[in-house]
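Student: Predicted coordinates and the sequence they were generated for:
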Amino acid sequence: QGTMAPQAAQHLLLAVLLPAAGSAHWVSELQELRLEQADPCVRLLSTAGPVGCSTPPDGALAPLRAVLSHEDLAHLLAAAPSMVSRGQAVSVALSADLLELDVLRSLRRQLGASLHGIAVLHSDQMPHGAASPEPARVSPLGRAWNQAGSGLSRESFDFGIVLLNASETAATLAALGRTGAPPLLQLKYPMLAVGDSPTCLVAGTCLPLGGQSVWGALEPRRQQTVPPLPTKPVVLLTAALDGTAFFHGHAAGADAAVSSTVALLAAVEALASLTVKLGQRDPAGAAREGGRDAEVGAAAVLSDLPRTPAFAFFTGEAWGQIGSRRFFYDIDTFNCTEISPSPQDAPASGAAEDGAGAPALPPLASCIAPFKPDLRFESLRGAGVTSLLEIGPVGAVEAASAGRSGVLFLHEPPGGEAGGRAECAHGSLRHGADGGVHVSVRQAVHEAAGAMAGGGGGGGGPGGG
């Protein structure tokens with residue numbers, strides 16, 4: 001829990017232990033104001049160990065000191081050796097502009113155990129644009145990637161860090177501006193999980209990340225076939241469902257995960273609409289109008305394609321691509337030891353607009369141990385995914401109305417059919433732009449990797465592209 005309040009008339013800010021929901025408040029001699037919206041940095045664990053933030057089990061209480069500028073920061077760091085030698089504890093009210101990895105590392109290095117917590121003050125510019133909490137890095141081809149990345153997501157802090165909202169920030173600054181003894185800040189966000197993720201999951205001291213991923217294939221089930229067929233290769237289009245930030249409640253998901261999800265939904269709708277239009281004509285060219293006839297024709301068009309178009313929305317991608325990694329791990333290794341008994345009478349699949357019932361479809365196989373309600377993903381093991389396109393954070397591009405054109409990057413693996421897939425994507429961009437959108441395509445690099453760039457979109461953090 002993060003809390004603020006005064007100990008007495010002179011102490012204007014003091015944390016009070018609250019229930020597990022997480023909140024903060026400050027108290028004067030005559031009043032108490034609860035700050036319920038403090039957003040904490042929490043601890044995450046992987047097989048490599050912990051990252052994130054945690055307080056001691058009993059919390060941490062220390063006088064609060066304002067660090068609103070680089071000058072304030074320099075003064076505090078200069079005083080750090082004396083404070084450490086005297087065992088003097090301190091907590092920091094930190095300007096949002098100073099929330100950088102280098103600043104946090106400097107405070108931790110200079111103050112050591114004397115640093116009891118950090119309250120980051122609200123700013124209208126938080127979060128900082130499209131910056132990712134993942135580290136900035138350089139691609140194998142030497143291109144800067146995720147340049148605005150803070151790297152905060154990979155760091156571990158043994159003290160609490162919380163983000164205050166606008167009203168909490170105003171109350172905190174008012175308390176800091178009063179004369180007398182400094183206010184006190186108490187943070188209590190103990191994270192019981194220790195070690196790595198396998199250890200804490202077994203001990204029951206943490207919860208797994210991720211959720212329910214969704215996938216499908218653009219070819220309807222039939223009486224004799226349940227796509228995707230194990231003999232027909234798959235082209236898979238994917239997007240992430242989630243986003244993250246150093247303060248998880250303030251993830252800028254609209255420009256990242258949501259934009260890629262919307263783009264994927266639009267692509268699926270466009271392909272489905274196209275096949276319906278094509279399916280409205282039989283091989284002889286006679287018109288097939290409306291209802292189930294068009295749907296049957298669309299199914300025939302999809303069936304005639306050399307590859308099955310499929311799509312997937314993966315959860316947990318913001319944490320090391322755990323959703324997609326688990327999906328492909330199951331495709332490669334899943335072994336059902338107990339198939340659930342299948343009912344003999346499957347329900348009808350639906351009814352046409354004229355009220356006639358559609359033919360009943362065979363039931364889907366499911367597994368009891370280990371439990372899987374649908375085993376259709378196993379068909380991907382036989383045919384394989386021959387091509388995969390991941391839609392990254394396309395919404396993070398700068399708007400053209402702001403006077404700057406954005407850039408979308410198409411990243412391709414070296415060799416193989418990279419050039420053909422790239423040319424196909426370029427053709428779609430050139431011919432798909434409407435009159436209000438200017439799209440230009442150019443070669444980004446000349447190495448064998450075939451990475452291409454085109455005007456009209458934006459990049460993002462690791463996993464996007």
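Tutor: The structure has been received and is ready for your questions.
Student: contacts and neighbour counts: CA atoms only from here.
Tutor: Fine.
Student: Span of stretch 183-196 from start to end?
Tutor: 37 Å (CA to CA, to the nearest Å).
Student: swap that for stretch 221-230, sorry
Tutor: Terminal residues of stretch 221-230 are spaced 14 Å apart (CA to CA).
Student: as a whole number, average confidence for that stretch?
Tutor: Stretch 221-230 comes out with an average pLDDT of 72.
Student: for stretch 138-149, same thing?
Tutor: Computed over stretch 138-149, the mean pLDDT rounds to 76.
Student: Quickly list what residue 156 is bridged to.
Tutor: Beta-bridge pairing of residue 156 under DSSP bridges involves residue 52.
Student: In this structure it contacts residue 52, no?
Tutor: Yes - if you go by CA atoms under 8 Å, residue 156 and residue 52 touch, sitting 4.8 Å apart.
Student: Show me whatever sits in contact with both of these two.
Tutor: With contacts defined as CA atoms under 8 Å, 6 or more residues apart in numbering, the residues shared by residue 156 and residue 52 are residue 43.
Student: which one of these two has more residues nearby?
Tutor: Using other CA atoms under 10 Å as the criterion, residue 156 and residue 52 rank with residue 52 on top: 22 against 16.
Student: Per-residue pLDDT of that one, please?
Tutor: According to the prediction, residue 52 has pLDDT 90.
Student: For stretch 229-243, buried residues please.
Tutor: 229-230, 232-243 (16 or more other CA atoms under 10 Å).
Student: if I look at residue 393, how far off is residue 367?
Tutor: In terms of CA to CA, residue 393 sits 35 Å off from residue 367.
Student: So if I had to pick from those two, which one is more boxed in?
Tutor: residue 393 (31 against 17).
Student: Next, the residues that contact stretch 41-54 from outside, please.
Tutor: Residues contacting stretch 41-54 (CA under 8 Å, 6+ apart): 153-162, 189-191, 193-198, 246-248.
Student: so of those, which ones are in strands?
Tutor: Within the contacts of stretch 41-54, residues falling in strands by DSSP state E are 156, 157, 160, 161, 162.
Student: which sections of the stretch 151-300 of the chain are below the confidence cut-off?
Tutor: 220, 223-225, 276-298 (pLDDT under 70).
Student: So which residues of it form helices?
Tutor: Ranges of helices in the stretch 151-300 of the chain, per DSSP state H, counting those that start in this stretch, are 166-176, 197-203, 259-279, 291-304.
Student: Now do the strands in the stretch 101-250 of the chain.
Tutor: For the stretch 101-250 of the chain, the strands defined by DSSP state E, counting those that start in this stretch occupy 115-120, 135-138, 144-150, 156-157, 160-163, 184-187, 214-217, 234-240.
Student: To clarify, my last question referred to the stretch 251-400 of the chain.
Tutor: All strands of the stretch 251-400 of the chain, identified by DSSP E, counting those that start in this stretch, fall at 308-314, 338-339, 367-369, 385-390.
Student: want to throw these into a markdown table with distance to residue 205 and mean pLDDT?
Tutor: Converted to a markdown table, the strands of the stretch 251-400 of the chain look like this (distance: least, CA to CA, whole Å; pLDDT from 0 to 100):
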| stretch | distance to residue 205 | mean pLDDT |
| --- | --- | --- |
| strand 308-314 | 25 | 92 |
| strand 338-339 | 30 | 88 |
| strand 367-369 | 25 | 90 |
| strand 385-390 | 34 | 87 |
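Student: So which of these is the most surrounded?
Tutor: Highest mean neighbour count of the strands of the stretch 251-400 of the chain: strand 308-314, a mean of 22 (counted as mean count of other CA atoms under 10 Å).
Student: just the angle between that strand and helix 259-279, please?
Tutor: Orientation check (axes from the mean of the first three to the mean of the last three CA atoms, to 10 degrees): strand 308-314 against helix 259-279 gives 160 degrees.
Student: what's the burial count for the closest residue to residue 40 other than its chain neighbours?
Tutor: Nearest residue to residue 40, sequence neighbours excluded (CA to CA, 6 or more residues apart in numbering): residue 162, at 4.2 Å. By other CA under 10 Å, 27 other residues sit near residue 162.
Student: show me the contacts for residue 241.
Tutor: Applying CA under 8 Å, 6+ apart to residue 241 gives the contacts 257, 258, 261, 313, 314, 315, 316, 317.
Student: can you tell me how far the third one sits from residue 53?
Tutor: Distance of residue 261 to residue 53, given as CA to CA: 30 Å.
Student: re earlier: for the strands of the stretch 251-400 of the chain, which one sits closest to residue 207?
Tutor: Closest approach to residue 207 among those (CA to CA): strand 308-314, 18.4 Å.
Student: other SSEs contacting that closest one?
Tutor: The elements that strand 308-314 packs onto, with contact taken as 3 or more CA pairs under 8 Å, 6 or more residues apart in numbering; DSSP states H and E, are strand 214-217, strand 234-240, helix 259-279.
Student: For residue 85, give its distance to residue 112.
Tutor: To residue 112, residue 85 is 11 Å away according to CA to CA.
Student: the more surrounded of the two?
Tutor: A direct count of neighbours by other CA under 10 Å for residue 85 and residue 112 places residue 112 higher, at 15 against 10.
Student: Quick check: closest non-adjacent residue to the more buried one.
Tutor: Computed as CA to CA, 6+ apart, the closest residue to residue 112 that is not its neighbour in sequence is residue 84, at 7.5 Å.
Student: same deal with residue 310?
Tutor: Using CA to CA, 6+ apart, the closest residue to residue 310 is residue 217 (4.1 Å).
Student: Quick check on the nearest residue to residue 59 once chain neighbours are set aside: phi, psi?
Tutor: Ranked by CA to CA, 6+ apart and with sequence neighbours excluded, the top spatial neighbour of residue 59 is residue 188, at 4.0 Å. Main-chain torsions, residue 188, degrees, to the nearest 10: phi -140, psi 90.
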